[in-house]
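# have a look at this prediction, sequence included:
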Amino acid sequence: MQPSLALQDDQEHLPSLLATDAKELSYQLQQHQAKIFPPLSQKTIRTFSPAEAAAFIGIGEGYLRQVAADGHGPDPLANGRRLYSAIDMDRIRRVLDERNGTPKYVPARRPGEKLQIVSVMNFKGGSGKTTTAAHLAQFMALRGYRVLAVDLDPQASLSALFGHQPEFDVGEGETIYGAIRYEAPRPIADIVRATYTPNLHLIPGNLELMEFEHETPKAMASGTAETMFFARIGEVLTEIESLYDVVVIDCPPQLGFLTMSALCAATSVLITVHPQMLDVMSMSQFLTMTSELMSVVEKAGGRTSYDWMRYLVTRFEPNDGPQSQMTGFMRAIFGNRMLHNAMVKSTAVADAGVTKQTLYEVERSQFTRGTYDRALESLNLVNGEIEAHIRSTWGRR
């Protein structure tokens with residue numbers, strides 16, 4: 001039976017609806033952004049307490065106080081307390097290395113140590129992938145490493161978290177697509193941006209990244225591409241590798257050409273997983289598809305061996321029995337391929353995200369002290385464990 005003309009007239013035209021909603025949502029997000037960060041304001045990284053600064057530098061708090069008293073720290077506040085900026089911490093690292101005559105506290109790569117490229121990935125959204133990538137990149141920068149964060153996700157949540165709204169702040173050719181596109185690619189150095197965190201640079205993302213998924217099949221069919229799709233990200237990163245110690249790539253939540261190129265560029269892989277049955281079942285399919293695709297890429301000459309690969313449990317609730325059982329289930333299967341520490345679910349991380357901030361940016365006073373401290377401890381344990389894997393790859397302790 002054919003639907004009546006009246007019913008057809010009442011039907012909603014999806015493309016028009018989506019276009020209207022997208023325009024209104026984009027406008028309202030821009031207004032929200034202006035309220036949180038007025039047009040003339042800029043995001044900043046907060047200052048850190050002596051205990052926090054000492055931990056980032058890698059020394060005891062007492063020693064830090066001594067170094068500061070010798071004139072190498074920030075001026076004390078009116079109450080005599082000192083707060084340390086990321087720049088202060090970098091300066092103290094250099095002072096300590098000059099005193100010792102050895103490169104111990106400035107952690108930059110040394111001759112023979114290769115650039116570490118960590119691809120953070122998962123097939124299913126909501127696994128904490130972007131949150132993990134953002135906090136890892138910022139943690140490593142605060143530890144003194146020279147870090148490049150690459151947003152490969154067209155949704156560009158990582159970019160927004162670092163203060164670059166994809167609809168307004170990222171123009172044509174200003175994502176990594178501009179450097180890896182098949183026609184008239186740009187030098188990658190032209191699209192790298194500084195951030196408000198010293199030592200941390202960003203290549204932002206936006207919907208333009210989807211062009212790589214559309215153009216790659218055409219280039220493969222025509223045979224005109226000088227470099228295969230899976231080698232393009234790795235190739236452009238070699239142009240700037242001397243400037244960085246660590247690259248953190250936030251991959252899209254699907255197995256497309258971008259993700260495969262990120263995997264072939266990577267020296268290590270971090271797979272996030274939420275310890276729920278549906279998420280783990282989804283990951284099983286994801287691992288199977290990844291394995292099959294990587295086998296094809298390997299036959300075509302792509303790199304498929306890594307310094308390390310680890311699974312990270314995210315949004316973990318320790319008091320949730322089923323989650324603990326599922327985590328134990330995965331540990332029994334994956335063994336030491338699971339990170340020892342899990343990223344604990346916390347309202348502090350979620351609440352900081354509302355204002356597009358990381359936990360390393362928000363002030364402790366904005367949260368219940370216990371909630372903030374537990375979340376920060378979890379982040380530091382996870383990121384410290386990943387740092388240890390990177391240092392081990394370099395042959396350091």
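Received, thanks.
# for the record, mean pLDDT for the lengthiest helix in the chain?
In the chain, assigned by DSSP state H, the helix with the most residues is helix 369-393. On average, the pLDDT along helix 369-393 is 92.
# now it: buried residues?
372, 375-376, 378-380, 382-383, 386-387, 389-390, 393 (16 or more other Cβ atoms under 10 Å). To be clear about C-beta, it is placed using only N, CA and C from the backbone, and glycine gets the same treatment.
# cool, stretch 238-249 as well?
Within stretch 238-249, judged by 16+ other Cβ under 10 Å, the buried ones are 240, 244-249.
# of these, which is the nearest to Tyr196?
Val248 (16.7 Å; Cβ to Cβ).
# in the stretch 1-150 of the chain, which spans are strands?
With DSSP state E, counting those that start in this stretch, the ranges of strands along the stretch 1-150 of the chain come out as 116-121, 147-151.
# contacts for the helix or strand that the last one is followed by?
Same thing as strand 147-151. Using DSSP states H and E, the helix or strand that follows strand 147-151 in sequence is helix 157-161. With Cβ atoms under 8 Å, 6 or more residues apart in numbering as the test, helix 157-161 has contacts from 130, 133-134, 149, 151, 165-166, 169-170, 202, 204-206, 250, 353, 356-358.
# now with 6 Å, please.
130, 133-134, 151, 166, 204-205, 250, 356 (Cβ atoms under 6 Å, 6 or more residues apart in numbering).
# where's that helix relative to the chain centroid, distance-wise?
Centroid separation for helix 157-161 versus its chain: 9 Å, with Cα atoms, centre = their mean, to the nearest Å.
# low-confidence ranges, the stretch 101-250 of the chain, go.
124-127 (pLDDT under 70).
# would you list every one of the helices in it?
129-142, 157-161, 166-169, 177-180, 210-222, 232-237 (DSSP state H, counting those that start in this stretch).
# these: which one's closest to Leu83?
helix 129-142 (14.1 Å).
# how far is the closest one from where the chain is centred?
The answer for helix 129-142 is 5 Å, by Cα atoms, centre = their mean.
# which other helices and strands does it contact?
If you count contacts as 3 or more Cβ pairs under 6 Å, 6 or more residues apart in numbering; DSSP states H and E, helix 129-142 packs onto strand 116-121, strand 147-151, helix 157-161, strand 246-250, helix 369-393.
# of all these, which one is nearest Ser16?
helix 157-161 (26.4 Å).
# now the closest one: buried residues?
Quick answer for helix 157-161 (16+ other Cβ under 10 Å): 157-161.
# what is the nearest of the residues you listed to Pro187?
So of the buried residues of helix 157-161, ranked by how close each gets to Pro187 (Cβ to Cβ), first place is Ser159, at 19.9 Å.
# for the closest one, which non-adjacent residue is closest in space?
With sequence-adjacent residues excluded and distances taken as Cβ to Cβ, 6 or more residues apart in numbering, Ser159 is closest to Pro204, at 3.9 Å.
# ok, now which ones touch the one you found?
151, 159, 164, 170 are the contacts of Pro204 under Cβ under 6 Å, 6+ apart.
# now the residues you listed as a markdown table including distance to Trp308?
Formatted as a markdown table, the contacts of Pro204 follow (distance: Cβ to Cβ, whole Å):
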| residue | distance to Trp308 |
| --- | --- |
| Asp151 | 23 |
| Ser159 | 27 |
| His164 | 30 |
| Val170 | 32 |
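# returning to that earlier point: out of the buried residues of helix 369-393, flag the one nearest to Glu24.
Taking the buried residues of helix 369-393 together and measuring to Glu24 by Cβ to Cβ, the closest member is Ala375, at 33.6 Å.
# list the contacts of that closest one.
346, 348-349, 359.
# any idea which of these is closest to Ser85?
For those, the nearest to Ser85 is Leu359 (17.5 Å; Cβ to Cβ).
# list the contacts of the closest one.
So Leu359 contacts 349, 352, 375-376, 379 (Cβ under 6 Å, 6+ apart).
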